[in-house]
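Student: sequence plus the predicted model coming up.
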Amino acid sequence: MNDTTPVPPASGLKANDLDAFWMPFTGNRQFKRAPRLFAGAEGMRYVTADGARVLDGTSGLWCVNAGHCRPKIVEAIRRQAGELDFAGTFQMGHPKAFECASRLVNMAPPGFDNVFFTNSGSEAVDTALKIAIAYHRVRGNASKTRLIGRERGYHGSNFGGMSVGGIAANRKLFGGAFIPGVDHLRHTHDLDRNAFSRGQPLYGAELADDLERLVTLHDASTIAAVIVEPVACSAGVLVPPQGYLERLAAICAKHDILLILDEVITAFGRLGAPFAAEYFGIRPDIITAAKGITNGAVPMGAVFVQGKIHDAFMTGPDAAIELYHGYTYSGHPLAAAACIATLDTLQEEGLLTRANELAPYWEEAVHSLKGMPHVIDVRNIGLIGAVEFEPIDGEPGKRAYDRFLEALRLGALVRATGDVIALAPPLIISKAEIDELIGIFTRALTSVRD
Ligand SMILES: Cc1ncc(COP(=O)(O)O)c(C=O)c1O
């Protein structure tokens, strides 16, 4: 079938119905020829527009940590929409935003006394980068403006996040239109030494020393911050080698470089601790979060900062604005209400640490995929798993994409990214549902022949 052949659309939708929405990170023409639509969801499952039930192996887009349409969260949003639809937080406020912030800092690792609200992970990242630069400036170090990301990192789609990000496909369309003064650490992916690692790979802590190379090149007096994901999920689940993050944190501290841990995916229980910083036992200066913060139900992002960073801005006349930055919807009432109800749900059901209990079972299940056709690596950490396929010559990504389609046909949502399939189910998943997910995926791997 060539590209122009019309395919009967699903569910009686006319082709035109799909035209207007320019979909993000999607092959629009291909999608619109054979659309895949979810119309409902509950707990561990989506329901398609055709009424089929699909096991959610990716928590939506890594965000629905407590499972879909949880009653407490749904009710909180409904109630809030009828009580206070909107109140800005520029020079005004509303109680839920403050309650939400207090709840969040009480859950955050020690020292994270303040939180700035955004509407997405991308905005959280750009906010964190700006705060880092401004922090050095208010302390009299105005030359510390350079930002260091990492190859294969993903920090969202805005200019700041794109610039510190290191996924080539996300960058190449935009020529040289990046923010200036950015450099990148080497990535940590090393199949030669670490293929089929269970949990953190053994080899690669020394890759953190790449930061010393950049310090030598640029001088620490020009570097504001390093930003990394604790587990680089969007680039195919790159689990940090043992000792790597600790070493990176130590080098940052030595040179007065802020460490921003981008926990947009890992915060709120994905690894078995509320935050990955605690899981790995490191102490970043700034943490970005989003996604699971409202269980995906209302857009929200957050930037957690150590008290020392916030306090450094609290100088000058009382009435002076300390940080010229913010969004109309920072701390939006619906997002705040959803966040509070999400934290209640996560805490009441023990979901912030549940991945810990499930991790050994999950690890066994995911690693049962070793030996399947074309599988060159299986990796896991917390309630995250990934399978990497040998790429097809000249068609990068096709192998994983075809298996994503086949798994969906068989009743499970998984996420294709490059030649990797990532798995990250809601934290409410049962052992029987883990078996079901891996069973469906195994069948998908067997039935696609290429
Ligand atoms: C680590 C990380 N940072 C930032 C983002 C961007 O978040 P958003 O899509 O909410 O803008 C993502 C999204 O997947 C992410 O994984």
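Tutor: That came through, no problem.
Student: buried stuff in the strand or helix carrying residue 387?
Tutor: Assigned by DSSP states H and E, residue 387 belongs to strand 384-389. By neighbour count with 16 or more other C-beta atoms under 10 Å, strand 384-389 contains the buried residues 384, 385, 386, 387, 388, 389. For glycine as for every other residue, the C-beta is placed from the backbone atoms N, C-alpha and C.
Student: wait, which of the residues you listed is closest to the ligand?
Tutor: Distances from those to the ligand were compared by C-beta to the nearest ligand atom; the smallest belongs to residue 384, at 11.6 Å.
Student: in contact with the closest one, which residues?
Tutor: 231, 233, 237, 270, 271, 422, 423, 424 (C-beta atoms under 8 Å, 6 or more residues apart in numbering).
Student: residue 416 and the ligand, how far apart?
Tutor: Residue 416 is 14 Å from the ligand, where distance means C-beta to the nearest ligand atom, to the nearest Å.
Student: give me the sheet partners of the helix or strand hosting that residue and which way each runs.
Tutor: Using DSSP H and E, residue 416 sits within strand 415-417. Based on DSSP bridges, the strands next to strand 415-417 in the sheet, each with its direction, are strand 420-423 (antiparallel).
Student: and whichever helix or strand comes after the strand it pairs with with strand 384-389, angle?
Tutor: Toward the C-terminal end, the helix or strand that comes next after strand 420-423 (DSSP H and E) is helix 431-447. Using axes from the mean of the first three to the mean of the last three C-alpha atoms, to 10 degrees, the direction of helix 431-447 lies 10 degrees away from that of strand 384-389.
Student: mind listing what's buried in helix 431-447?
Tutor: Under 16+ other C-beta under 10 Å, the buried positions of helix 431-447 are 433, 434, 436, 437, 438, 439, 440, 441, 442, 444, 445.
Student: so which bits of the stretch 251-400 of the chain are right by the ligand?
Tutor: Within the stretch 251-400 of the chain, the positions lying close to the ligand (C-beta under 6 Å from any ligand atom) are 262, 264, 265, 290.
Student: just checking, the first one touches residue 290?
Tutor: Right, the one you point to is residue 262. No - when contacts are counted by C-beta atoms under 8 Å, residue 262 is not listed as touching residue 290 (9.6 Å).
Student: show the pLDDT at residue 176.
Tutor: Taken from the predicted model, the pLDDT recorded for residue 176 is 86.
Student: hmm, back to that, need the contacts of residue 384 in CSV (columns: pLDDT and neighbour count).
Tutor: Compiled in CSV, these are given as follows (pLDDT from 0 to 100; neighbours: other C-beta atoms under 10 Å):
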residue, pLDDT, neighbour count
231, 98, 24
233, 97, 24
237, 98, 26
270, 98, 29
271, 98, 24
422, 98, 26
423, 98, 27
424, 98, 28
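Student: between those residues, which is nearest the ligand?
Tutor: Distance to the ligand, by C-beta to the nearest ligand atom, is smallest for residue 233 among these, at 5.5 Å.
Student: give the contact list for the closest one.
Tutor: The neighbourhood of residue 233, defined by C-beta under 8 Å, 6+ apart, consists of 62, 154, 265, 266, 384, 422, 424.
Student: switch the cut-off to 6 Å
Tutor: For residue 233, the contacting residues are residue 265, taking C-beta atoms under 6 Å, 6 or more residues apart in numbering as the criterion.
Student: residues in contact with stretch 218-225?
Tutor: Residues lying outside stretch 218-225 but in contact with it, judged by C-beta under 6 Å, 6+ apart, are 132, 133, 136, 143, 144, 145, 146, 147, 255, 257, 258, 260.
Student: neighbour-wise, give me the winner out of these.
Tutor: Ranked by neighbour count under the definition other C-beta atoms under 10 Å, the contacts of stretch 218-225 are headed by residue 260 with 31 neighbours.
Student: any idea whether that one is helix, strand or coil?
Tutor: Following DSSP: H, G, I helix; E, B strand; the rest coil, residue 260 is assigned to strand.
Student: pretty sure it is in contact with residue 229, am I right?
Tutor: No - taking contacts as C-beta atoms under 6 Å, residue 260 lies outside contact range of residue 229: 10.0 Å.
Student: which residue ranges of the stretch 1-150 of the chain form strands?
Tutor: Using DSSP state E, counting those that start in this stretch, the strands assigned to the stretch 1-150 of the chain run over residues 38-42, 45-48, 53-56, 114-118, 146-150.
Student: show me what counts as buried in the host helix or strand of residue 364.
Tutor: Residue 364 is located in helix 351-367, with elements delineated by DSSP H and E. Judged by neighbour count (16+ other C-beta under 10 Å), helix 351-367 contains these buried residues: 351, 352, 354, 355, 356, 358, 359, 362, 363, 365, 366, 367.
Student: any idea which helix or strand comes after that helix?
Tutor: Read in the C-terminal direction, the helix or strand following helix 351-367 is strand 375-381, with elements assigned using DSSP H and E.
Student: that following strand pairs with which strands, and in what direction?
Tutor: Here strand 375-381 is paired, per DSSP bridges, with strand 384-389 (antiparallel).
Student: could I get the strand it pairs with in CSV with only the CA atoms?
Tutor: Output for strand 384-389, consisting of C-alpha atoms alone and laid out as CSV, is shown next (Å, rounded to 0.1, in the frame of the first residue of the first chain):
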residue,chain,number,x,y,z
ILE,A,384,10.8,0.5,34.2
GLY,A,385,11.9,-2.0,31.7
ALA,A,386,13.3,-1.8,28.2
VAL,A,387,14.1,-4.0,25.3
GLU,A,388,16.5,-2.9,22.6
PHE,A,389,16.5,-4.4,19.1
